[in-house]
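K.L.:
Kindly return the folded structure for what I paste below:
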Amino acid sequence: MAFGKLFTIAFRDLGRNRRRTLFTMIAVAMGLALTVIMSGLIADVYDQALEDNIRLETGHLQLRAESYESDKVSLKWEDLIDNPDEIAAVVDGMEEVVTAAPVLWGSAIVDTADESASLKLFGIETASPFHDPIREAIVAGSFLDDADRNGILLGQRLVDELGLSLNQQISVSAVDSNGEPQEDLFTIRGIFSTGIPAYDQSTLFMTLDKAQALTLTDGHASAIVVMLHDQHDADRVAAALSGSGLKRLTWRDLNSTLIDLLSTGQVIYNIMYAIVLLIVAVVLANTLLMAVFERIREMGILAALGMKRNQIMFMYVLEAFIIGLFGVAIGLALGGVGVAYLARNGIYIGDVGASVEGMALGTSMHATFDAGMTFWLSVATLGFTLIASLYPAWFAGRMEPAEALRG
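P.N.:
Predicted coordinates for the structure are as follows:
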């Protein structure tokens, strides 16, 4: 029997119980829509967290002294870069580079009359474009300039928690290069809000010169942070700087914990996708089995008229294909609407991001359309529907004509 004839019979049979067919299509559509929305959320979390980490802290490339360990935030001179301005100027002249900025990292404690907070100290060259995200995030006061020896920037969340205010003078303590505490009074020149709770609660900025003076690290920096026009040039630029005598770390090295965490999370989500599609497959298989039992006599008549077993089996596979095809189309439409809604409005998660160490998460999750993942989810959905049809198709094809006619 010709394929067109089999397709016509399969399509007609689906119309016999339109409600059941419609509900099955909706089940397929909802399963795909759910996985498309989930993949959109995951893709946006990954992209946004990585982008925020790069633009706020790691850059695309860092140069450090070979002995520097970031987790210890060492301020010993042998662990720091000497003459960082000269090295930064050389790197800044490379065509792939947007900017190269020396930075000094340290540990600081802010003391008020009632409370204190432990923060990460950033000593920065205020004119560098690398710090534009902080400059643009200022919500009160102004950004620092290199001549400001007494000003600092604090996050809005920290200011609110400690009950501080703009232009207030506070005590800041930091451990110097000799391991001794140093203290000075500073004025809050500006308050920033990046929308990332962990960052806004734990970061303090002051000029590089003042940070060096406070920590007794004159003329030294923890690292030179480099931003590139294209992050894929990181390995090539790192190779070009091999003669610098410094450790070169690309954005992949600097964000390895985040990348590994998200890769592990992707595996878990793939398992969840499979579970959702497996449920859809069970629903579809149940629908086709019910159709087989309702049409046993019809199968006997078709077999008696000469329809082969493989043709009967193929007819049920075609029914599953039609249901799956319409379900995928509806699911893509629903999933696209869901992703568009979440891209605009997001899901508020509050301070959950603050508890995830090493990951820049904001207060809301948005979605982005991941074309590649959506394609594979659509293929997987259609594949699951076809696999689910195999048992009902085999069950229908194995029946003998005489047995089927007896019903």
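
K.L.:
Spell out which helix or strand contains the spatially most central residue of the chain, please.
P.N.:
By CA atoms, centre = their mean, the chain has its centre lying nearest to Tyr46, at 1.2 Å. Following DSSP states H and E, the helix or strand that holds Tyr46 is helix 18-53.

K.L.:
Then Ile152?
P.N.:
Applying DSSP H and E, one finds Ile152 within strand 151-155.

K.L.:
Sort out which residues of the helix or strand following that strand are buried, please.
P.N.:
Using DSSP H and E, the helix or strand that follows strand 151-155 towards the C-terminus is helix 156-162. Buried residues in helix 156-162, counted by 16 or more other CB atoms under 10 Å: Gln156, Arg157, Leu158, Val159, Leu162. For the C-beta atoms, the positions are set from N, CA and C on the backbone; glycine is no exception.

K.L.:
And the longest helix seen in the chain, what's buried?
P.N.:
Of all the segments assigned as helix in the chain under DSSP state H, the longest by residue count is helix 256-294. Across helix 256-294, burial judged by 16+ other CB under 10 Å covers 258-259, 261-262, 269, 273, 276-277, 280-281, 283-285, 287-289, 291-292.

K.L.:
quick one, domains of this structure?
P.N.:
What automatic domain parsing lists as the domains of the chain is 3-53+258-406, 66-245.

K.L.:
For the nearest residue to Trp251 once chain neighbours are set aside, give me phi and psi.
P.N.:
Nearest residue to Trp251, sequence neighbours excluded (CB to CB, 6 or more residues apart in numbering): His60, at 4.7 Å. His60 has phi and psi values of phi -90, psi -20 when expressed as degrees, to the nearest 10.

K.L.:
so what's His60 scoring on pLDDT?
P.N.:
The model reports His60 with a pLDDT of 95.

K.L.:
contacting residues around Arg252?
P.N.:
By CB atoms under 8 Å, 6 or more residues apart in numbering, the residues touching Arg252 are Ala234, Ile259.

K.L.:
Can you show me the CA trace of the helix or strand where it lies as PDB?
P.N.:
Assigned by DSSP H and E, Arg252 belongs to helix 251-254. Coordinates of each C-alpha in helix 251-254 appear next as PDB, following Å, rounded to 0.1, in the frame of the first residue of the first chain:
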ATOM      1  CA  TRP A 251      38.800  34.000  31.300                       C
ATOM      2  CA  ARG A 252      38.300  30.200  31.200                       C
ATOM      3  CA  ASP A 253      40.900  29.700  33.900                       C
ATOM      4  CA  LEU A 254      39.600  32.500  36.000                       C
END
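
K.L.:
Buried residues of that helix, list them for me.
P.N.:
With burial defined by 16+ other CB under 10 Å, the residues of helix 251-254 counted as buried are Trp251, Leu254.

K.L.:
just the helices in the stretch 251-400 of the chain please.
P.N.:
Remark: helices assigned in the stretch 251-400 of the chain by DSSP state H, counting those that start in this stretch are 251-254, 256-294, 296-304, 309-345, 371-388, 390-397.

K.L.:
want to throw the ones you listed into a markdown table with distance to Leu50 and mean pLDDT?
P.N.:
Output for the helices of the stretch 251-400 of the chain, formatted as a markdown table (distance: least, CB to CB, whole Å; pLDDT from 0 to 100):
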| stretch | distance to Leu50 | mean pLDDT |
| --- | --- | --- |
| helix 251-254 | 8 | 91 |
| helix 256-294 | 6 | 82 |
| helix 296-304 | 56 | 62 |
| helix 309-345 | 18 | 86 |
| helix 371-388 | 16 | 89 |
| helix 390-397 | 41 | 74 |
